[in-house]
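Visitor: Okay, here's the prediction I keep looking at, along with the sequence it came from:
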Amino acid sequence: MKYFTITLCILLSVSSCADKKSAKKNNNATVKEMVSDTTLQTKASLVNKTVSDNYFKASGTEPFWSLTISKKMIKLKTIGDSIMTPHTIPTNAKDSNVKQYSLQTEMVKMNIQINQTECINAMSGMASPYSVNIEFMKGIETEFTKLEGCGEYITDYRLYDIWVLEKLNGNEVAKESFKKDLPLMEINSASNSFTGYAGCNRMNGKLFSEEGVLRFTNIITTKIMCEPTNNEPEFLKALQKSTTYKIDNNRLTLSNTEGELLIFKKID
């Protein structure tokens, strides 16, 4: 009897340990799932935070300052101060290479000039495609504070995708009009570059982007001989002529003052 009692106690103890280990294992699995979900949510949150509607940014040293321009707000930050004004449409001075913003509220008067000339950061030595001059006067101040620095336009992040041609100069396109497949391109908005297939040859090039402006420049193609009926030349000509764009319903429309030139569909 005593032996039976001892054996029963041992069996119950082993069973209890097994249950605890099983529960611990299940709990660990649940925790891992929760951590995994939290990590994914955190990553998604970080991605969302990196996306903004700013289309221009600039900065300078001596003193340190930064500027961001979006379609809603213009923000200037200096050491210990911050100025925010509603957005306004800039004017073009001399030619399109110089843009001027004139801003005035009850609290501040500010003028911003953006010049399309190479600018070298005095501290880092990095080159930017635009030089920026700012002057502002707050409250009862009688003299402008002047700042100089460098800036760049921020290419629309929505362009970062693979796009296949749907319409060329208003007409639906067919594979038969090209060598193998329809023309397509992969745009990298971070590096302002693109690569792709023009309908017969491979292609690559650069993007020039400003607010409301998008141009495809420095286009280089391979030198494969194409059939006379291939529409690649017409496609490349339209791509080089485009100056503005619109993204809607997974479509990228490239246009100029003459109208719509190219419509692409997102395929990734």
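Guide: Looks like it came in fine. Here the structure is a predicted model, which means the values were calculated and not measured.

Visitor: Phi first, then psi, for the spatially most central residue of the chain.
Guide: With distances taken as Cα atoms, centre = their mean, Tyr157 lies nearest the centre of the chain, 2.4 Å away. Tyr157 adopts backbone torsions of phi -60, psi -20, taken as degrees, to the nearest 10.

Visitor: Correct me if wrong: it contacts Ser189.
Guide: Yes. If you go by Cβ atoms under 8 Å, Tyr157 and Ser189 touch, sitting 5.6 Å apart. Quick note: C-beta positions are derived from backbone N, CA and C, even for glycine.

Visitor: At which residues are the helices of the stretch 151-268 of the chain located?
Guide: 232-241 (DSSP state H, counting those that start in this stretch).

Visitor: repeat for the stretch 1-150 of the chain
Guide: 2-50.

Visitor: in it, which segments are predicted with low confidence?
Guide: 1-52, 94-95 (pLDDT under 70).

Visitor: what about 90?
Guide: Where the stretch 1-150 of the chain drops to pLDDT under 90, the residues are 1-53, 62, 80, 92-97, 122-124, 139-140.

Visitor: ok, how many other residues are close to the nearest residue to Leu76 once chain neighbours are set aside?
Guide: Leaving aside its chain neighbours, Leu76 sits nearest to Ile83 (4.4 Å; criterion: Cβ to Cβ, 6 or more residues apart in numbering). Neighbour count of Ile83, defined by other Cβ atoms under 10 Å: 19.

Visitor: and what of Asp268?
Guide: Neighbour number of Asp268 under other Cβ under 10 Å is 8.

Visitor: what does Gly205 give?
Guide: Neighbours around Gly205, by other Cβ under 10 Å: 20.

Visitor: try the one 3 residues further on
Guide: The tally of other residues near Phe208 (other Cβ under 10 Å) stands at 15.

Visitor: cool, and Glu135?
Guide: If we define neighbours as other Cβ under 10 Å, then Glu135 has 14 of them.

Visitor: What residues are bridge-paired with it?
Guide: Beta-bridge partners of Glu135, counted by DSSP bridges, are Asn111, Lys146.

Visitor: returning to what we had before: residues touching the residue nearest to Leu76, list them.
Guide: 75-77, 108, 110, 136, 138 (Cβ atoms under 8 Å, 6 or more residues apart in numbering).

Visitor: and the residues you listed, which are buried?
Guide: Buried members of the contacts of Ile83, scored by 16 or more other Cβ atoms under 10 Å, are 76, 108, 110, 136.
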